[in-house]
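S.K.: what's the 3D shape of this:
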Amino acid sequence: MKKQLLFIFLFLMSLPIFSQNVILNLRQRAEVEDRWLDVRFQKVIPELMRREGIDMWVLICREYNEDPVLKTMLPATWLSARRRTILVFHDKGEGQGVDRLAIARYDVGKFFKGAWIPEREPDQFKRLAREIIERNPKKIALNYSDTYGHADGITHTEFALFKESLPKPFQEKIVSGEKLAVGWLETRTLEEMEVYRQICRIAHEIIDEGLSEKVIQVGVSTTKDVEWWYREKIVELKLETWFHPSVTVQRAEGEIMRNSNFSVKPDEVTILSGDLVHVDFGISYLGLNTDTQQHVYILKPEERDAPESLKKALQAGNRLQDLLTMNFKSGRTGNEILRNALTQAKSEGIKATIYSHPIGMHGHAAGPTLGMWDNQGDTKGAGDYPMFPNTAYSIELNVAVEIPEWNNKEVRIMLEEDGFFNGEKFWYIDGRQTKLLLLPRIQATNSQKAND
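M.R.: Below you'll find the model as predicted:
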């Protein structure tokens, strides 16, 4: 009896978890996001400020023109800033903690106590200046950056008003908060990573369903049909996406539907037997994002498997993924990692293009750039940024491979999977595609099952 129960339990555990049963309602999401935010303020902020040697960080923006960083610091029920919102972090030193205050009429949730009463001091910037003068920081970081849009959140108006409010000696203490902004956005906590796997799993489940007979009717369904099915599915699950899904086709006859020039939008194509279909898909959930690219092969009536060369092409893509991620090392820049991976790929005869990027609070997130699809050399600025522990990446790349079964036509295996680097090792958050999906899904016969 115990063995039977164990078998049933293992069988149930092997079944896919339907996304509808695991996605939290909006109230639950808000509770989780605020709990994570509290942890981030307690742990991430002090570590970052001391790492970068900055003892005061000031974030300023106005409603509907939010600083990208400040927006990630708002409580879950704040969908935008209110009026002019000013957040201040002041590191009092090791063991003394970081003060958080809002130079605003309102408390910012439970995280920032309001420190401005307009009836006593009508000028918001004068109130901010008094707080700064009293605390006398060594450096005052503002969010401006030539490199990262994420870290360039202060507007010209806010910068000018802030600077004018300070005595000259304090104006000279102003520095860029770029590294604080990037560090805040790219650092993933243990609490977030406990759930990130589930977020990636949901994305994988949706991709799998969209590339199945439930959605694709061969000879009838078009690539646009599948794209819009993905959009509808996201809405149905009360999720969001940060980009419109893309579905493209490569086939033995005719031109490749998507080449290396990603600025060219593919045409709408009817999906046929013998096609290699590619999807690029991502969701946003609990303040985190996914970005995934996978392939399905549409079996011809006489086929039970994909052409051998297509399967080997996918293996080459997996090998390129390995060559890239084996070069991940704390302190190594994105440009260094890219150069090493491309050199190794060339030595193995892999025709490679790498364009990977950080992921987290944004889809194309802040952190080290690991190549661009239109630039396989160094990327100035973002490519010079070093890799830090506890950061997440979309391993995005492609390999170009000639397929003998397709008269040596060159196809591109375009892969993308989300992974995590803890400072010592890298792993895929919810695995990666190592076998082509097949449509229709091939069910094993009884004899095959017996031999497994």
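S.K.: Chain neighbours aside, what residue packs nearest to residue 23?
M.R.: Closest residue in space to residue 23, ignoring its immediate chain neighbours: residue 237 at 5.7 Å, by CB to CB, 6 or more residues apart in numbering. (C-beta placed from N, C-alpha, C; glycine too.)
S.K.: Pretty sure the one you found sits against residue 22.
M.R.: No - here residue 237 does not reach residue 22: they are 10.0 Å apart, not a contact under CB atoms under 8 Å.
S.K.: Between these two, which has more neighbouring residues?
M.R.: Taking other CB atoms under 10 Å, residue 237 and residue 22 do not tie; residue 237 has more neighbours (17 against 13).
S.K.: Distance of that one relative to residue 204?
M.R.: Using CB to CB, to the nearest Å, one gets 14 Å for the distance from residue 237 to residue 204.
S.K.: what does residue 344 give?
M.R.: Applying CB to CB, one obtains 28 Å for the distance of residue 344 from residue 204.
S.K.: Among those two, which residue is more densely surrounded?
M.R.: Between residue 344 and residue 204, counted using other CB under 10 Å, residue 204 has the larger neighbour count: 23 against 18.
S.K.: what residues are up against the more buried one?
M.R.: Going by CB atoms under 8 Å, 6 or more residues apart in numbering, residue 204 touches 292, 430, 431.
S.K.: so what's the residue nearest the centre of the chain up against?
M.R.: Note on the chain: the residue nearest the mean C-alpha position is residue 359, at 2.4 Å, using CA atoms, centre = their mean. Counting by CB under 8 Å, 6+ apart, residue 359 makes contact with 289, 290, 291, 365, 392, 393, 394, 418.
S.K.: before we move on, what about residue 198?
M.R.: Taking CB under 8 Å, 6+ apart, we find residue 198 in contact with residue 22.
S.K.: before we move on, back to that, what's the burial count for the spatially closest residue to the residue nearest to the centre of the chain that is not a sequence neighbour?
M.R.: Spatial nearest neighbour of residue 359, excluding adjacent residues (CB to CB, 6+ apart): residue 394 at 4.6 Å. Residue 394: 25 surrounding residues under other CB under 10 Å.
S.K.: what about residue 394, which helix or strand?
M.R.: strand 391-403 (DSSP states H and E).
S.K.: And residue 36, by the same measure?
M.R.: Per DSSP H and E, residue 36 falls inside helix 26-39.
S.K.: which residues touch that helix?
M.R.: Contacts for helix 26-39 (CB under 8 Å, 6+ apart): 24, 73, 75-77, 109-111, 189, 191-192, 195, 238, 285-287.
S.K.: State the distance from residue 118 to residue 78.
M.R.: Residue 118 is 20 Å from residue 78, by CB to CB.
S.K.: Wait, a strand at residue 278?
M.R.: Yes - counting by DSSP: H, G, I helix; E, B strand; the rest coil, residue 278 falls inside a strand.
S.K.: For it, give me the pLDDT.
M.R.: On pLDDT, residue 278 comes in at 98.
S.K.: now do residue 16
M.R.: According to the prediction, residue 16 has pLDDT 39.
S.K.: ok, now how distant is the residue nearest to the centre of the chain from residue 391?
M.R.: 9 Å.
S.K.: do the same with residue 313
M.R.: 30 Å.
S.K.: Please name the residues that touch residue 189.
M.R.: Going by CB under 8 Å, 6+ apart, residue 189 touches 36, 39, 40, 43, 44, 390.
S.K.: what angle sits between whichever helix in the chain runs longest and helix 26-39?
M.R.: In the chain, assigned by DSSP state H, the helix with the most residues is helix 190-210. Orientation check (axes from the mean of the first three to the mean of the last three CA atoms, to 10 degrees): helix 190-210 against helix 26-39 gives 140 degrees.
S.K.: Can you give the contact residues for stretch 213-224?
M.R.: With CB under 8 Å, 6+ apart as the test, stretch 213-224 has contacts from 209-210, 225-226, 229, 247-249, 257, 266, 268-273, 277, 298, 439-441.
S.K.: how about a cut-off of 7 Å?
M.R.: The set of residues external to stretch 213-224 that reach it, using CB atoms under 7 Å, 6 or more residues apart in numbering, is 209, 226, 229, 247-249, 268-273, 298, 439-440.
S.K.: ditto for stretch 422-430
M.R.: 196-197, 200-201, 204, 325, 328, 330, 389-390, 417-420.
S.K.: how about a cut-off of 8 Å?
M.R.: With contacts defined as CB under 8 Å, 6+ apart, stretch 422-430 is touched by 193, 196-197, 200-201, 204, 325, 328, 330, 388-390, 392, 395, 417-420.
S.K.: With stretch 314-322 instead?
M.R.: 295, 341, 345, 348, 350, 352, 354, 395, 397-399, 401, 413-415, 417, 432-436.
S.K.: give me that answer again for 6 Å
M.R.: With CB atoms under 6 Å, 6 or more residues apart in numbering as the test, stretch 314-322 has contacts from 345, 350, 352, 395, 397, 399, 401, 413, 415, 434, 436.
S.K.: for stretch 118-130, same thing?
M.R.: Taking contacts as CB under 6 Å, 6+ apart, the residues outside stretch 118-130 that touch it are 86, 103, 116, 161, 165, 166.
S.K.: Which residue, other than its chain neighbours, is closest to the fifth one?
M.R.: By that I understand residue 165. residue 125 (3.9 Å).
S.K.: Please tell me how far that neighbour sits from residue 163.
M.R.: Remark: distance between residue 125 and residue 163 (CB to CB) = 10 Å.
S.K.: List buried residues within the contacts of residue 189.
M.R.: Neighbour-count burial (16 or more other CB atoms under 10 Å) applied to those gives 36, 40, 44, 390.
S.K.: Is the nearest residue to the third one once chain neighbours are set aside bridged to anything, and to what?
M.R.: Read that as residue 44. Nearest non-adjacent residue to residue 44, counting by CB to CB, 6+ apart: residue 187, 5.3 Å away. Counting by DSSP bridges, residue 187 is bridged to residue 391.
S.K.: Residue 187: neighbour count?
M.R.: Residue 187 is flanked by 22 other residues according to other CB under 10 Å.
S.K.: Over to residue 291?
M.R.: By the measure other CB under 10 Å, the count of residues near residue 291 is 25.
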